[in-house]
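> dropping a prediction and its sequence here:
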Amino acid sequence: MQPVGGRCSTRPCRGSAGRLRRVEPRATARAYLFGLLSGVERKSCWRLAEQAGHARPGPMQHLLRTARWSADEVRDDVRAYVVEHLGADDGVLIVDETGLLKKGRGSAGVQRQYTGTAGRIENSQVGVFLAYASRHGRALIDRRLYLPEQAWCQDGERRAGAGVPDHVAFATKPALAGRMIEAALDAGITTSWATGDETYGQDPGLRALREARRIGYVLAVACSTRARINQDRSTLRADVAADYLPASAWHRQSAGAGAKGPRYYDRAWIDIGADGHRHLLIRRNPTSGEFAFYLCWAPQRVPLSELVRVAGTRWCIEECVQAAKGQVGLDHYQVRHWTAWHRHITLAMLALAFLTVLAADARPTRPAESNRPARSSEPIDLTVSEIRHLLGALLIPLTTLNKLLAWSTWRRLHQATARRSHYRRRISAPSTT
């Protein structure tokens, strides 16, 4: 298979291994990555250590907590690898967040907060992610752990217990997204566009940052967003402006191919600046009539179809996060420490990027044809999940019965120790009934 970027697609695994200078953690990191790529149901240190043939989870835990290596340097490798193999002139940077459900209160950044993962307020951590998407594929290239202001940033004891560095201060989710975009651009990523949902579209600072870096944006905003129209002479809510549009203003266009076919919506755009570079993009569902709104800016004039294309890439980061959770255990970790969180998340991003590039490499070269699936009887192209499944079958080591029983005994002894501690604490505590 010829890689998209013309080089061996396994380079980041070898290159990132050089970030670990000692042989033992380097071998453990390799086993950890193989475990993430395997079919192990729950990709915690315990399960990955057992799958790797280790006697105990200690080496895996040491890799995440105390081994000497930089997760940010590996993150840089992932970012460079993704752009090298998936980079294209239609590339878009996408920001979004995801909730990572957790128990207790000791994990860095955890608190009861709303998360779209559960659709309600839950005890969770929130990670803000940056993805890169192009016609070749999409992958996560950066991550930040959101640290709540009152529950964490102002609680020195809690910060110390979770290993939060002293220099880490409170930052909003849009501010974290801005830092990731800045870092990507400073690293040499060439892209013309960025997009994100309402959390990021409503933030004027993030919009100003992108304009300063001459990066166009198509950002979702609320229906209550006020826009200046008629050469800045009038101000209207976005939903009110949509109601005033004549039928001739609407154009039915596809936002790209989805799993079930082209995603057609009605689109309209309104100039909201005097220079023709700012627009309010409106999407209307032709079935339900539901609206969605986007603030748009570009350093040069662009057609409506280009804004529609960029808006349609926003779902790619949701697909990336879903694949990372389902295929490489992004949310399977059982760590509390700040450093361990960033290390596990980064290794999961590396595993996902590897699978994504393999899928891009395996995709046959054919002319772009949006309706081809409706006529073709060929198998679909290899997907990330299918490649992970095939790799998982190849990466499972031979496990003896003695090893299986030894791990069963170890787990049950560890669980007995935890249960004994809970019982003693409950018995010694004064009754609350």
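Received, thanks.
> so Phe129 lies in a helix, does it not?
No - counting by DSSP: H, G, I helix; E, B strand; the rest coil, Phe129 is located in no helix; its state is strand.
> you'd agree it is up against Asp142?
Yes - with contact defined as Cβ atoms under 8 Å, Phe129 counts as touching Asp142 (7.0 Å). For glycine as for every other residue, the C-beta is placed from the backbone atoms N, C-alpha and C.
> wait, Ala393 sits on Gly39?
Yes - taking contacts as Cβ under 8 Å, Ala393 lies within contact range of Gly39: 7.1 Å.
> ok, these two, which is more surrounded?
Gly39 (15 against 10; other Cβ atoms under 10 Å).
> report all helices and strands that the longest helix belonging to the chain contacts.
As assigned by DSSP state H, the longest helix anywhere in the chain is helix 401-428. The contact analysis (3 or more Cβ pairs under 8 Å, 6 or more residues apart in numbering; DSSP states H and E) places helix 401-428 against helix 45-52.
> what angle sits between the helix it packs on and helix 401-428?
Going by axes from the mean of the first three to the mean of the last three Cα atoms, to 10 degrees, helix 45-52 is angled at 170 degrees with respect to helix 401-428.
> can you give me the buried ones in stretch 82-102?
Buried residues in stretch 82-102, defined by neighbour count with 16 or more other Cβ atoms under 10 Å: 82-87, 90-100, 102.
> then stretch 175-188?
By 16+ other Cβ under 10 Å, the buried positions in stretch 175-188 come out as Ala175, Leu176, Ala177, Gly178, Arg179, Met180, Ile181, Ala183, Ala184, Leu185.
> now those residues in TSV, with distance to Val168, secondary structure and pLDDT?
Shown next, in TSV, are those (distance: Cβ to Cβ, whole Å; DSSP: H, G, I helix; E, B strand; the rest coil; pLDDT from 0 to 100):
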residue	distance to Val168	secondary structure	pLDDT
Ala175	12	helix	97
Leu176	11	helix	98
Ala177	16	helix	98
Gly178	16	helix	97
Arg179	12	helix	97
Met180	15	helix	98
Ile181	19	helix	97
Ala183	16	helix	97
Ala184	20	helix	97
Leu185	22	helix	96
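> how about these in CSV, adding distance to Thr199?
Listed next are the buried residues of stretch 175-188 as CSV, based on distance: Cβ to Cβ, whole Å:
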residue, distance to Thr199
Ala175, 11
Leu176, 11
Ala177, 9
Gly178, 12
Arg179, 15
Met180, 14
Ile181, 14
Ala183, 19
Ala184, 19
Leu185, 21
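> closest to Arg426 among those residues?
Leu176 (39.3 Å; Cβ to Cβ).
> so what's the closest one up against?
Going by Cβ atoms under 8 Å, 6 or more residues apart in numbering, Leu176 touches Val128, Arg144, Tyr146.
> returning to what we had before: buried stuff in the longest helix of the chain?
Trp407, Trp410.
> and it, average pLDDT?
Mean pLDDT, helix 401-428: 77.
> and that helix, how far out from the chain's middle?
Relative to its chain's centre, helix 401-428 lies at 35 Å (Cα atoms, centre = their mean, to the nearest Å).
> what's the answer for stretch 164-173, then?
20 Å.
> follow-up on the earlier one: CSV for the contacts of Leu176, including pLDDT?
Listed next are the contacts of Leu176 as CSV, based on pLDDT from 0 to 100:
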residue, pLDDT
Val128, 98
Arg144, 98
Tyr146, 97
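> thank you kindly, that will do.
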